[in-house]
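K.L.:
what's the 3D shape of this:
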Amino acid sequence: MARIVTVAAAQLGPIQREDSRASCVERMIDLLQQSSRAGCDLVVFPELALTTFFPRWFVDDIREADHWYETSMPNTQTQPLFDEAKKLNIGFSLGYAELTPDGQRFNTQILVEKDGSIVAKYRKVHIPGHEEHEPDRPFQHAERYYFTPSNEGFGVWKAFGGRVGMMICNDRRWPETYREMGLQGVEMILCGYNTPMHYVPDPSQDVLAGFHNALVMQSGAYQNGTFVVGVAKGGLEEGVDGLADSSIIGPSGEILAKTSTTGDEIAVAACDLDWCYQYKNTLFDFDRYRRPEVYQRITGQRGAILAD
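P.N.:
Next up, the predicted model:
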């Protein structure tokens with residue numbers, strides 16, 4: 001019997017600096033309602049879905065940025081999103097900036113079941129960008145200043161009748177991300193991202209932004225026999241053009257659904273989780289074909305060590 005999870009990649013257009021959390025929640029509720037009418041079980045929102053992408057600015061005293069972070073979830077401002085999802089009997093995944101009681105700062109994503117309960121929390125592992133102010137840039141990408149890389153790793157949770165994992169933005173570029181979850185039998189990976197179209201360290205890559213985005217997620221899906229749902233906050237945000245191209249990818253590596261604008265939009269696909277096993281039990285039968293004894297460098301070293 002098929003295990004169908006109908007998913008919406010709920011792309012958000014730009015969130016400007018002056019936009020309130022209430023306005024962001026209102027937009028997400030509208031996308032929830034659209035998704036409900038489309039028969040969805042699960043709605044995936046982007047990374048940092050409650051604020052503008054604030055690491056594009058630098059402040060000398062990081063405490064001045066505290067207002068961008070959530071200290072609890074749900075909270076007064078996000079409770080309406082939880083309430084509406086529960087009323088609609090639909091689950092969701094949400095990315096936001098988290099400030100913990102002991103002062104740690106994480107780029108965080110949660111998974112919420114249809115009954116409104118938070119069943120999983122993931123904190124971003126691969127933090128890109130820079131730690132110091134770089135005034136010669138046209139905009140900052142100071143994620144490494146604003147967020148601590150998580151050491152909690154990549155979990156997989158039983159939810160929505162399957163095995164679900166999460167990753168955030170830059171995590172999707174690293175094959176270890178997918179394989180860590182693949183080795184736990186993941187059937188669907190949820191990913192939110194904010195990706196500028198201009199890559200300051202090497203502008204020659206700008207024209208490849210959409211290609212690279214699809215490449216890594218399609219490869220990760222195929223090589224691990226899993227669905228991948230990649231969801232953008234795109235469009236022109238505070239003068240910075242962001243990639244959209246939200247998509248739902250099958251375990252074959254094929255794109256099943258994709259957004260066509262840079263604004264608020266859903267892309268929907270009915271995902272049969274049993275399809276994963278056409279790949280997990282054949283080409284990517286890990287137990288039969290993997291050779292971990294010859295992969296020691298992957299966990300034994302960090303950077304490249306050049307052969308003599």
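K.L.:
per-residue pLDDT, the closest residue to residue 242 other than its chain neighbours?
P.N.:
If you skip the residues right next to it in sequence, residue 242 has residue 234 as its closest partner in space, 4.5 Å away by CB to CB, 6 or more residues apart in numbering. In short, each C-beta sits where N, CA and C put it, glycine included. Per-residue confidence (pLDDT) for residue 234: 98.
K.L.:
ok, residue 234 - contacts?
P.N.:
Residues in contact with residue 234 (CB atoms under 8 Å, 6 or more residues apart in numbering) are 11-14, 242-246, 262-263.
K.L.:
would you mind measuring from it to residue 3?
P.N.:
Here residue 234 is placed at a distance of 31 Å from residue 3 (CB to CB, to the nearest Å).
K.L.:
reformat the contacts of residue 234 as JSON lines; add pLDDT, distance to residue 222 and neighbour count.
P.N.:
Below are those laid out as JSON lines (pLDDT from 0 to 100; distance: CB to CB, whole Å; neighbours: other CB atoms under 10 Å):
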{"residue": "11", "pLDDT": "99", "distance to residue 222": "23", "neighbour count": "30"}
{"residue": "12", "pLDDT": "99", "distance to residue 222": "27", "neighbour count": "29"}
{"residue": "13", "pLDDT": "98", "distance to residue 222": "30", "neighbour count": "18"}
{"residue": "14", "pLDDT": "98", "distance to residue 222": "31", "neighbour count": "20"}
{"residue": "242", "pLDDT": "98", "distance to residue 222": "26", "neighbour count": "24"}
{"residue": "243", "pLDDT": "98", "distance to residue 222": "21", "neighbour count": "19"}
{"residue": "244", "pLDDT": "98", "distance to residue 222": "23", "neighbour count": "25"}
{"residue": "245", "pLDDT": "98", "distance to residue 222": "18", "neighbour count": "23"}
{"residue": "246", "pLDDT": "99", "distance to residue 222": "19", "neighbour count": "31"}
{"residue": "262", "pLDDT": "98", "distance to residue 222": "27", "neighbour count": "22"}
{"residue": "263", "pLDDT": "98", "distance to residue 222": "29", "neighbour count": "14"}
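K.L.:
nearest to residue 28, of these?
P.N.:
Nearest to residue 28 out of the contacts of residue 234 is residue 12 (CB to CB; 7.5 Å).
K.L.:
wait, the closest one touches residue 26, no?
P.N.:
No. With the criterion set as CB atoms under 8 Å, residue 12 and residue 26 do not qualify as a contacting pair; they are 11.7 Å apart.
K.L.:
pretty sure residue 263 is in contact with residue 235, am I right?
P.N.:
Yes. With the criterion set as CB under 8 Å, residue 263 and residue 235 qualify as a contacting pair; they are 6.1 Å apart.
K.L.:
need the overlap of contacts for those two.
P.N.:
Shared contacts of residue 263 and residue 235 (CB under 8 Å, 6+ apart): residue 13.
K.L.:
okay, strands next: where are they in the stretch 201-308 of the chain?
P.N.:
In the stretch 201-308 of the chain, strands defined by DSSP state E, counting those that start in this stretch lie at 227-232, 235-237, 240-242, 247-249, 255-258, 265-272, listed in chain order.
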